[in-house]
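Visitor: curious how this folds, go ahead:
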Amino acid sequence: LGTVLVPPATVLSGDGERMEFLLRDKSGGTGSNGTLALRFRRATEEDKKNLLDGEAPSDSLKDTLRESVTSPGYKALPFTKAKSKKNGLVVCRLVRPYPDSRRPLTTEYLAESDIELECSKPSQKWLDVGSGTLGKVYLEVLRCDGLPRMDTTSKTDAFVSVVCDDGSASSDVIVDRNSPRWMPWCRRAFILRMGHASRQIYVGVFDYDRVGHDYIGKVTVDVTNFSPNTEYTLQYNIYPSSNVITTKT
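Guide: Sure, this is the predicted structure:
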């Protein structure tokens, strides 16, 4: 879409405040290509301690750094295993993205009702996202329903990306499911550190591909509608652009 050229002096003089730069096309023009928002600041003593002097960063910092440069978690479909099997009269489905490491034998295949039950249980691990100090929003990605089929040869390999303030993270990928369920033992839960009370949370749904991911849709969550210390289970329509579709997450 375009590029920006940021002078070193601008980077070095940054105080953490948001700056907007016009995107320039190949000819160097700044037409209607949009803007790019960036923040710069000097490394704090804590930053230097964690990143420069050889001391291992905290687990939350390592996860945040890793999340900023890597693709979403991906667990390849084990083609050597059947997609479903019978347990008496009950048909059990192969659990995606992987079974619970604490109960691998009993959670490798589950009945549909048990998948729904497990999905609704509290998340076992949380990923710290962002650097805001005003407050925290705890967000869990539970399920999507009726996602479109993005590839001709398979169902959707869905993952969800969350962006809030200066933090971003992605869930594990649920392969070959148009109505995926994220289990409480997989990557699905995020602690969003808020820097401003009116910040919005942007949630995008994608179809995983090894070369470029297919965009399915998004939703914007306004945290000003929520009350402190309150737990919500919410369902949103996904918007591919300005048009509403009936797909839900």
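Visitor: sheet-wise, list the partners of the host helix or strand of L36 with their directions.
Guide: According to DSSP states H and E, L36 maps onto strand 35-41. Here strand 35-41 has these sheet partners by DSSP bridges: strand 15-22 (antiparallel).
Visitor: which residues sit against the strand holding L36?
Guide: Strand 35-41 is contacted from outside by 4, 6, 10-23, 166, using C-beta atoms under 8 Å, 6 or more residues apart in numbering. In short, each C-beta sits where N, CA and C put it, glycine included.
Visitor: cool, stretch 84-104 as well?
Guide: Contacts of stretch 84-104 (C-beta under 8 Å, 6+ apart): 73-75, 77-78, 81-83, 105, 107-112, 114-115, 172-177, 180-181, 183, 185-186.
Visitor: buried members of the residues you listed into PyMOL, please.
Guide: Selection command for PyMOL covering only the buried members of the contacts of stretch 84-104, criterion 16 or more other C-beta atoms under 10 Å:
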select buried, resi 73+107+108+109+110+114+115+172+173+174+175+176+177+180+181+183+185+186
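Visitor: circling back to that earlier point, how far does the strand holding L36 sit from its chain's centre?
Guide: Offset of strand 35-41 from its chain centre (C-alpha atoms, centre = their mean, to the nearest Å): 21 Å.
Visitor: so D114 belongs to a strand, correct?
Guide: No - going by DSSP: H, G, I helix; E, B strand; the rest coil, the assignment for D114 is helix, not a strand.
Visitor: how about the contacts made by it?
Guide: D114 neighbours (C-beta under 8 Å, 6+ apart): C92.
Visitor: and the helices in the chain, which stretches?
Guide: Ranges of helices in the chain, per DSSP state H, are 8-12, 45-51, 59-69, 104-107, 112-119.
Visitor: of these, which shows the lowest average pLDDT?
Guide: The stretch with the lowest mean pLDDT among these is helix 59-69, at a mean of 43.
Visitor: what number of residues lie near T44?
Guide: 9 (other C-beta atoms under 10 Å).
Visitor: with D151 instead?
Guide: 12.
Visitor: show the contacting residues for it.
Guide: The contact partners of D151, by C-beta under 8 Å, 6+ apart, come to 207, 209, 214.
Visitor: among those, which ones are in strands?
Guide: Mapping the contacts of D151 onto strands (DSSP state E) picks out 207, 214.
Visitor: so among the contacts of D151, where is pLDDT lowest?
Guide: Lowest model confidence among the contacts of D151 falls on D209, which carries 84.
Visitor: please pull out the lowest mean pLDDT helix or strand from the chain.
Guide: Ranked by mean pLDDT, DSSP states H and E, the helix or strand of the chain with the weakest confidence is helix 59-69, at a mean of 43.
Visitor: how confident was the prediction at the residue nearest to S179 when sequence neighbours are not counted?
Guide: Computed as C-beta to C-beta, 6 or more residues apart in numbering, the closest residue to S179 that is not its neighbour in sequence is D145, at 4.9 Å. As summarised for this prediction, D145 has a pLDDT of 96.
Visitor: so who does Q200 touch?
Guide: Taking C-beta under 8 Å, 6+ apart, we find Q200 in contact with 164, 220-223.
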